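S.K.: the following block contains a protein sequence and its predicted model.
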Amino acid sequence: MAELGAAELAQLVKDLDESKKLIFQSQFGSEKKDRGTATILAIFMYDRIWMGDIGLGIVKIITAGLCGIWWLIDIFTAGSRADDYNRTKAREIVAALSATYTSSLPSGGAPELP
């Protein structure tokens, strides 16, 4: 898939209020993975571990990238796996922020004023 762009991020956060959008930007900015870094780490067989696939990363290192085949494939697919990771992480953050917002409202649906 293509890199997660500004238009797709705007579509994800369109239903959030401004304070939630700021929280989203902060969290997503600290958790997103860079395509270039993923590719460089794939060369050194550390990309899977960096993106959270600890088990597969250890197997990849122990088997020397399945004699180089898995290693070579991962070099070319690391960028798209980073995009998938970012897309999933963005959706998780939006879902958490949406759930937090709706569960904090009283049963009437409108926020209480002090």
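M.R.: Okay, I see it.

S.K.: hang on, Gln27 packs against Ile93?
M.R.: Yes: counting by C-beta atoms under 8 Å, Gln27 touches Ile93, with 5.1 Å between them. Every residue, glycine included, has its C-beta placed from N, CA and C.

S.K.: these two: who's more crowded?
M.R.: Neighbours were counted for Gln27 and for Ile93 using other C-beta atoms under 10 Å; Ile93 has more, 21 against 17.

S.K.: that one contacts Ser26, doesn't it?
M.R.: No: the criterion here is C-beta under 8 Å, and Ile93 misses it with Ser26 at 9.7 Å.

S.K.: ok, longest helix in the chain?
M.R.: In the chain, with assignment by DSSP state H, the single longest helix is helix 69-103.

S.K.: who are the packing partners of that helix?
M.R.: Judged by 3 or more C-beta pairs under 8 Å, 6 or more residues apart in numbering; DSSP states H and E, the packing partners of helix 69-103 are helix 6-12, helix 18-31, helix 35-43, helix 47-50, helix 54-62, helix 64-67.

S.K.: buried ones in the last one?
M.R.: Taking 16 or more other C-beta atoms under 10 Å as the neighbour-count basis, helix 64-67 is seen to contain the buried residues Gly65.
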